[in-house]
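Trainee: got a predicted structure plus its sequence, pasted below:
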Amino acid sequence: MKKMLLLALSLVALSTVSAFAVSCPSGLTYNSVHNACEASPSCPDGWYLGGTGTCYELPDEWAEMSSCPNGSYYAKIYYSGVRWTGCYAAPQQNGPVCPSGTTYNPSLNICVAPATTVCPPSTNYNAGTNLCVVNPTCGAGYAYNTYTHLCQGGSGSTPPICVTGTTFNPTTNQCQALAYKLCPASTVYNAARNECEASPQY
């Protein structure tokens, strides 16, 4: 009887010891299934945890992208205490959609198209002045005088004749009109860049 009692007390003592024998460091908890002290994965400051347990850091500046092939981006990786860098496939996203007749300019982040220059009939476009110009004409029996800026003949003088839509400029001795810029639908003419522009849609 005494032996049985001692055996029972021994079992209780062993059970008590096994229940309190595992002591984990601060921040870890004991997992009885894995029989190990565990903690949730974490990453260094400025990194984020990916779905595979890998820590990622995307750079604030994207200059490194120039060294990566098209369709990839530069990133820093931290995994199992080891850091390295490399080019990784960029996430798929919808590209910019531009109005018909325009193309996307990534450096300006706008849709652009060349403007069509429209001048009055019988005039010629001067790109340097952005004017439509033509020499004036005179009536029968008269000739244009560049010094007086008049049409002169035997009966006196008359003003020079300009084609419809232009006006006479005595400084240049030409008839002139401001060139009209025609742009595709949904775009606006930008005189500084001499092109038609529109904001892209995503």
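Mentor: Everything's here; your move.

Trainee: make it CA atoms for all contacts and neighbour counts henceforth
Mentor: Noted.

Trainee: got the domain boundaries for the protein?
Mentor: 41-93, 103-198 (automatic domain parsing).

Trainee: worst mean pLDDT among these?
Mentor: The minimum mean pLDDT among the domains of the chain belongs to domain 41-93 (a mean of 57).

Trainee: ranges for the helices of this structure?
Mentor: Per DSSP state H, the chain carries helices over the ranges 2-20.

Trainee: tell me what the closest residue in space to Asn126 that isn't next to it in sequence is bridged to.
Mentor: Take Asn126 and drop its neighbours on the chain: the residue closest to it by CA to CA, 6 or more residues apart in numbering is Cys132, 6.1 Å away. According to DSSP bridges, the partner residues bridging Cys132 are Tyr125, Ala177.

Trainee: surely Cys132 and Ser122 touch.
Mentor: No - judged on CA atoms under 8 Å, Cys132 makes no contact with Ser122 at a distance of 9.3 Å.

Trainee: look at these two and report which has more neighbours.
Mentor: Between Cys132 and Ser122, counted using other CA atoms under 10 Å, Cys132 has the larger neighbour count: 25 against 11.

Trainee: separation between Thr171 and Gly165?
Mentor: Distance of Thr171 to Gly165, computed by CA to CA, to the nearest Å: 18 Å.
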